[in-house]
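Enquirer: A structural model of the following input is requested.
(chains A and B)
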Number of protein chains: 2
Amino acid sequence: MALTSWIASANDSNSDFPLANLPYGVFRHADKTRIGVAIGDQVLDLHACATAGLLDTLSAFIIHACTASVLNPLMSLGPHPWSALRGKITELLSAEHADEAKRLRVASVLVPMVEAEMQLPAHIGDYTDFYASIHHATRVGKLFRPDNPLLPNYKYVPIGYHGRASSIVASGHEIRRPSGQTRPSQDAAPSFGPARSLDYELEVGFFIGPGNSLGSPIPIGEAEQHIFGLCLVNDWSARDIQSWEYQPLGPFLAKNFATTISPWVVPIEALAPYRVSAAARPDGDPEALPYMASQEKAAFDLTLEVYLQSTQMLQEGLPPARVSQGNMRDLYWSLAQLLTHHASNGCNLRPGDLLATGTISGPDEGSEGCLLEMKHRAQPLRLPTGETRVFLHDGDQVIFRAFAQREGLPRIGFGECSGIVTAALG
Amino acid sequence: MALTSWIASANDSNSDFPLANLPYGVFRHADKTRIGVAIGDQVLDLHACATAGLLDTLSAFIIHACTASVLNPLMSLGPHPWSALRGKITELLSAEHADEAKRLRVASVLVPMVEAEMQLPAHIGDYTDFYASIHHATRVGKLFRPDNPLLPNYKYVPIGYHGRASSIVASGHEIRRPSGQTRPSQDAAPSFGPARSLDYELEVGFFIGPGNSLGSPIPIGEAEQHIFGLCLVNDWSARDIQSWEYQPLGPFLAKNFATTISPWVVPIEALAPYRVSAAARPDGDPEALPYMASQEKAAFDLTLEVYLQSTQMLQEGLPPARVSQGNMRDLYWSLAQLLTHHASNGCNLRPGDLLATGTISGPDEGSEGCLLEMKHRAQPLRLPTGETRVFLHDGDQVIFRAFAQREGLPRIGFGECSGIVTAALG
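Expert: Sure, this is the predicted structure:
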């Protein structure tokens, strides 16, 4: 039976942020930057909680981490402190536990979510992006190699590359269409100008907790102790820049102009009821090598959705339209495997580093995690206005949403990861 | 005519650090972390200079930047403040200008270089590595595609990728041989274990100064205003991991286990007398696209050397042996072009970000910037002991050195970028 909160909006079955979720974020309000916890349509100000003595039963180092202006100190603490803090916040917000006097004290440190200006949740030292969806890799590979879409390493190596940390922005930031070098055909000379093939990529990101020191790998059995929580990631991609630049060292300017993340970080503990066995690795595929041996229920049953709203839709009063829906359980590699592989050569992961899964796609039409994959459809994507999209137009807003739900449990949502495409510099 | 210093060791023609150089670094001494300037065999403590009033004629914001424990604040200031500070330090250390009383005050804020424990010079937010040597790209390409070594984009796009910032270490840090997935042959199954093909890569790095905001490119004519200074970079590489993992997204675990940089950052102003026109782009090659049009004397005549000392050499009292020598003027792309290309899509570069050239090789045998390229030699590399090297052995120390010299000018050196390979984890 799910606990209810004395904050009524948290008990609304449509809310992303019930008492069972309690995601962390960083917000600005009244000229202050604070760590907050989302609850219904409110944000609990953790710094104010600490000052008001509401966290006093916790260890001093946990309370101290709550007063920072980024989540890195809290991320560095590890699962037991995370769990202790989560338990305390649950107690403060639960209808069962809080008495009237305490509710008044807690109510005084709530900020209406509409007034909270969300920031990046952490100082992101390094950002790594993987390629963990075999359905995405296969569909994209087919465009280049119809008879041989998957490269020989795919089922052995969790393929990844380093992204750009400086250009990660929080949901809501405008995305300027990048300019770059492209070559329209193999015979043409390349030229420089606004990208014509701007795309989104639907991904899930996860923030590193304590991490490891340089030279010391993280065993697969300990990997999840280093995962603080999850968010949504839009790895905006300029496909025409990408196809011209990416060999032999991988994507660079095609992706580093901007990456959007959702501002609320859902604790891995909140997702525990939605653990499932991975679905994607078919019989006959090789076992993962022992250093990243598959774990039980290492996948998450998380529904992922892409919405799009064109300028014309906005003008006609039409809401964003859902253009695809997938599920995180379809990934070929678990988050734990990605993390352990990353550190397997001794590479050090630091608190606040962001790892992302790569585009998450399902096997069927309608579950493509980016527009590029929709090239396999018989018809281009059609919007409610009758407009079609092969790639993004200026003015298009792309919104990602995600939720976990199960019979008898409240629905847990991720909030939005959104961005509007603006015109390239003239 | 070159100025001399009242610090005698700075006037030694073998010193890397004459008065004309004045590189910046960060050092620890007596439990304090300070910005320092190398002069002969001494380090000038800039924090102590500020405290002692020796910088008082400078603007307050310059003095403040000198009291930080990383170079980022100084890097953010731009060319005019850099030049003002450099002029003041030159005055303090010059035999012409310093009177006896001032010399005593300056002498009191010198630290012997042997007592200074060098740190990373900056907080490196993002690290990008390019592939700017056409000789390197051609020799490596020949190993994979004998008839078609250079890909079609090479002469148009400065190829680059994002490296890992967390695993950048200062010269002297031990380099543990990484483990990883490799596949010995196309028919074999991959396995996990210590890399067998460990290599170095000889590169030059440059630190970003003021940088740009997200969405705003940096015009080619302004690019050098954003270059604070140069250092040496060893982009350690595990070739067997690389060849198995790198498609389609580029190198990842093959390189992110460690990158070593030399701790002294040579100001771009110190290198001005060694500017030359780029040498490598032959007639008939396409012009650079207008957004990164070639500039006059955008290259640097900088000699680069690789030394190697095996355990056996050490035991026999043999000094490190020079195994190759190249020159930075042989790069296909200038530093300004790399920087402008990087920001051309609006990607934001921040003070302290590190960009590196990629392996610098010349056209001839003896100028290969990594061991992999020496596969084209008739005989493997032979050390003075008679030992041979195809790739690095445990216990090998790799040392990079660099210097600029010209008739009538003092030789300017970079100090060392060194690392010893230690055995993989058992």
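Enquirer: I'd say residue A:43 and residue A:109 touch.
Expert: No: with contact defined as Cβ atoms under 8 Å, residue A:43 does not count as touching residue A:109 (9.5 Å). Glycine gets a C-beta too; all of them are placed from N, C-alpha and C.
Enquirer: and residue A:265, how many neighbours?
Expert: 25 (other Cβ atoms under 10 Å in any protein chain shown).
Enquirer: over to residue A:377?
Expert: Residue A:377, neighbours per other Cβ under 10 Å, totals 11.
Enquirer: list the contacts of it.
Expert: Neighbouring residues of residue A:377 by Cβ atoms under 8 Å, 6 or more residues apart in numbering or on different chains: residue A:365.
Enquirer: pLDDT wise, what is it at?
Expert: You'll see residue A:377 listed with a pLDDT of 93.
Enquirer: longest helix of chain A?
Expert: For chain A, the helix with the greatest residue count under DSSP state H is helix A:79-93.
Enquirer: name the residue of chain A that lies nearest to chain B.
Expert: At 2.6 Å from chain B, residue A:250 is the closest residue in chain A, using Cβ to the nearest Cβ.
Enquirer: let me know how buried that residue is, in neighbour terms.
Expert: 25.
Enquirer: which residue packs closest to it, ignoring adjacent ones?
Expert: residue B:250 (2.6 Å; Cβ to Cβ, 6 or more residues apart in numbering or on different chains).
Enquirer: state the pLDDT value of residue A:76.
Expert: On the pLDDT scale, residue A:76 gets 98.
Enquirer: what sits against residue A:391?
Expert: Counted by Cβ under 8 Å, 6+ apart, residue A:391 has contacts A:196, A:197, A:198, A:199, A:239, A:371.
Enquirer: ok, 7 Å please
Expert: Contacts of residue A:391 were listed using Cβ atoms under 7 Å, 6 or more residues apart in numbering or on different chains, and they are A:197, A:198, A:199, A:239, A:371.
Enquirer: ok, now residue A:89?
Expert: Here residue A:89 is in contact with A:22, A:37, A:44 (Cβ under 7 Å, 6+ apart).
Enquirer: for stretch A:171-185, give me every contacting residue.
Expert: Counting by Cβ under 7 Å, 6+ apart, A:118, A:190-195, A:198, A:236, A:238, A:240-241, A:244-245, A:253, A:257-258, A:260-263, A:394, A:416-425, B:156-157, B:215, B:289, B:344-346 sit against stretch A:171-185.
Enquirer: and that stretch, what's its mean pLDDT?
Expert: The average pLDDT within stretch A:171-185 is 96.
Enquirer: ok, now stretch A:53-73?
Expert: Throughout stretch A:53-73, pLDDT has a mean value of 98.
Enquirer: that stretch vs chain B: in contact?
Expert: No: remark: stretch A:53-73 sits outside contact range of chain B, by Cβ under 7 Å from any Cβ of the partner chain, the gap being at least 13.2 Å.
Enquirer: with stretch A:277-292 instead?
Expert: Yes: interface with chain B: stretch A:277-292 contributes A:289, A:291 (Cβ under 7 Å from any Cβ).
Enquirer: related to what we said a few turns ago, more crowded one of residue A:43 and residue A:109?
Expert: Just comparing residue A:43 and residue A:109: by other Cβ under 10 Å the higher neighbour count belongs to residue A:43, 26 against 21.
Enquirer: can you give the strand pairings for the strand or helix carrying that one, parallel or anti for each?
Expert: Element membership for residue A:43 (DSSP states H and E) is strand A:42-45. Applying DSSP bridges, strand A:42-45 is found paired with strand A:32-39 (antiparallel), strand A:110-112 (antiparallel).
Enquirer: need the residues that contact the last one.
Expert: Contacts to strand A:110-112, defined as Cβ under 7 Å, 6+ apart, come from residues A:29, A:36, A:41, A:42, A:43, A:44, A:45.
Enquirer: buried set for it?
Expert: By neighbour count on 16 or more other Cβ atoms under 10 Å in any protein chain shown, the buried set for strand A:110-112 is A:110, A:111.
Enquirer: tell me the average confidence for whichever helix or strand comes after that strand?
Expert: Next helix or strand after strand A:110-112 toward the C-terminus (DSSP H and E): strand A:117-118. Averaged across strand A:117-118, the pLDDT comes to 98.
Enquirer: ditto for stretch A:195-214
Expert: The model assigns stretch A:195-214 a mean pLDDT of 98.
Enquirer: also stretch A:223-230?
Expert: 98.
Enquirer: start and end of that stretch, how far apart?
Expert: Taking Cα to Cα, to the nearest Å as the measure, stretch A:223-230 stretches 14 Å from start to finish.
Enquirer: what's in contact with it?
Expert: Residues contacting stretch A:223-230 (Cβ under 7 Å, 6+ apart): A:23-24, A:75, A:78-79, A:204-211, A:218, A:265-268, A:271, A:335-336, A:339-340, A:349.
Enquirer: same question for stretch A:69-83.
Expert: If you take Cβ under 7 Å, 6+ apart as the criterion, stretch A:69-83 is touched by A:24, A:26, A:33-35, A:62, A:65-66, A:121-123, A:207-210, A:225, A:228, A:265, A:267, A:269, A:351-352.
Enquirer: same check on stretch A:329-339?
Expert: With contacts defined as Cβ under 7 Å, 6+ apart, stretch A:329-339 is touched by A:130, A:132-135, A:158, A:206, A:218, A:220, A:223-224, A:226-227, A:276, A:278-281, A:288, A:292, A:295, A:298-301, A:355, A:357, A:360, A:362.
Enquirer: same check on stretch A:46-57?
Expert: With contact meaning Cβ under 7 Å, 6+ apart, stretch A:46-57 is reached by A:34, A:35, A:36, A:37, A:63, A:66, A:67, A:88, A:92, A:105, A:106, A:109.
Enquirer: if we can go back for a sec, just the buried ones out of the contacts of stretch A:223-230, please.
Expert: Judged by 16+ other Cβ under 10 Å, buried ones among the contacts of stretch A:223-230: A:23-24, A:75, A:79, A:204-211, A:218, A:265-268, A:271, A:335-336, A:339-340, A:349.
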